[in-house]
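Chemist: how does the following fold in three dimensions:
(one chain, ligands or ions: 1)
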Amino acid sequence: MSARILDGAQVARQIRAEVAAEVKELQQRVGRPPGLTVILVGEDPASVVYIRNKARAAEKIGIRSSVIRLPETSTEAQILAAVQRLNQDAEIDGILVQLPLPRGMASDAILEAIDPDKDVDGFHPHNVGRLALGRSGFVPCTPAGIVELLRRNDIPLEGRHAVVLGRSNIVGKPMAQLLLAAHATVTVCHSRTRDLAAVARGADILVAAVGRKGMVTEEFVRPGAVVVDVGIHPVEGEDEARDLFGDSPRLEKFREKGTALVGDVHPRRVRDVAGWLSPVPGGVGPLTVALLLRNTLQAAQQRT
Ligand code: GUN
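Modeler: Residues are numbered from 1 along each chain as shown. Model prediction:
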């Protein structure tokens, strides 16, 4: 039997509707909308697409958004100056510095310059520490979105074994913290983990955030497990599409369009083993954007 789909687009719509109602209420109460500014340094094509999606989603629900585009050749001092200006701007509630920054740039110093009360990405050490302590603060959008996806599909976490593949600061580590806070038993794996597939097979809930296309195959998945796919990669060529999709409507679509996206999970090899699966696209991606809007609303509510 095929895995049930964890529909991220649907959950994201619900969250956006909830946020929109509160944005309206805030606008009436304080006479201005929540304000979000994204800083993009350079021209990374994926980042350009991401921030366009973020800005459009914000505008649609009444959050005022703007983008500061700085050239790839900017100095750290120029970026810090932009952050400091936004820190002082009373109408800006949320500041997001799009990652990755150009090679060689000290992202730590830049992320630490953001006012923690405007840190809607939850990447400032102040908010990272609050999450680790189980105190309220800003939670990184992707892992927060995954918890919503599981909760709103009535997937219990308490007492369950959750295995997180990947230990990044953006996804893996905060994901582990949130799952712990929800009373799951958590294992975090990474590139040096021995017998990764065997560890993953112990999971009731498996979160794949390794950044390797189609790496999670049937050997990683206990029958019936919940599999959440955080990766996003372009499919390259028909042979790869056939391997990833098998004879399915997705292969047909790839033939028509010549492009497709796939995650860290191998869709053909996992779909009949997992109990639940979040697809790529349409799983975690839309939730990351929805949670950014919710964090921006939270920032505005706390500041007004
Ligand atoms: N790049 C990829 N994902 C993210 C994210 O969630 N926030 C930021 N700032 N950059 C990213």
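Chemist: mind saving the C-alpha coords of stretch 232-250 as PDB?
Modeler: Backbone C-alpha positions of stretch 232-250 (Å, rounded to 0.1, in the frame of the first residue of the first chain) are rendered in PDB as follows:
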ATOM      1  CA  ILE A 232      15.200  19.800  -2.500                       C
ATOM      2  CA  HIS A 233      17.200  19.000  -5.700                       C
ATOM      3  CA  PRO A 234      16.600  19.200  -9.400                       C
ATOM      4  CA  VAL A 235      16.200  15.900 -11.300                       C
ATOM      5  CA  GLU A 236      18.800  15.600 -14.000                       C
ATOM      6  CA  GLY A 237      17.800  13.700 -17.100                       C
ATOM      7  CA  GLU A 238      15.300  11.000 -18.000                       C
ATOM      8  CA  ASP A 239      17.300   8.100 -16.700                       C
ATOM      9  CA  GLU A 240      17.400   9.600 -13.200                       C
ATOM     10  CA  ALA A 241      13.700  10.600 -13.500                       C
ATOM     11  CA  ARG A 242      12.900   6.900 -14.300                       C
ATOM     12  CA  ASP A 243      14.900   5.700 -11.400                       C
ATOM     13  CA  LEU A 244      13.300   8.100  -8.900                       C
ATOM     14  CA  PHE A 245       9.700   8.100 -10.100                       C
ATOM     15  CA  GLY A 246       9.300   4.700 -11.800                       C
ATOM     16  CA  ASP A 247       6.400   4.400 -14.200                       C
ATOM     17  CA  SER A 248       4.200   7.000 -12.700                       C
ATOM     18  CA  PRO A 249       2.400  10.300 -13.500                       C
ATOM     19  CA  ARG A 250       5.500  12.100 -12.200                       C
END
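Chemist: so Gly211 makes contact with Gly166?
Modeler: Yes. At 7.1 Å, Gly211 counts as touching Gly166 under the criterion of C-beta atoms under 8 Å. For every residue, glycine as well, the C-beta is placed using N, CA and C.
Chemist: what separates the longest helix along the chain from the chain centre, distance-wise?
Modeler: Counting residues, the longest helix in the chain under DSSP state H turns out to be helix 8-30. The chain centre lies 18 Å from the centre of helix 8-30; the measure is C-alpha atoms, centre = their mean, to the nearest Å.
Chemist: mean confidence score for that helix?
Modeler: Here the mean pLDDT over helix 8-30 is 98, rounded to a whole number.
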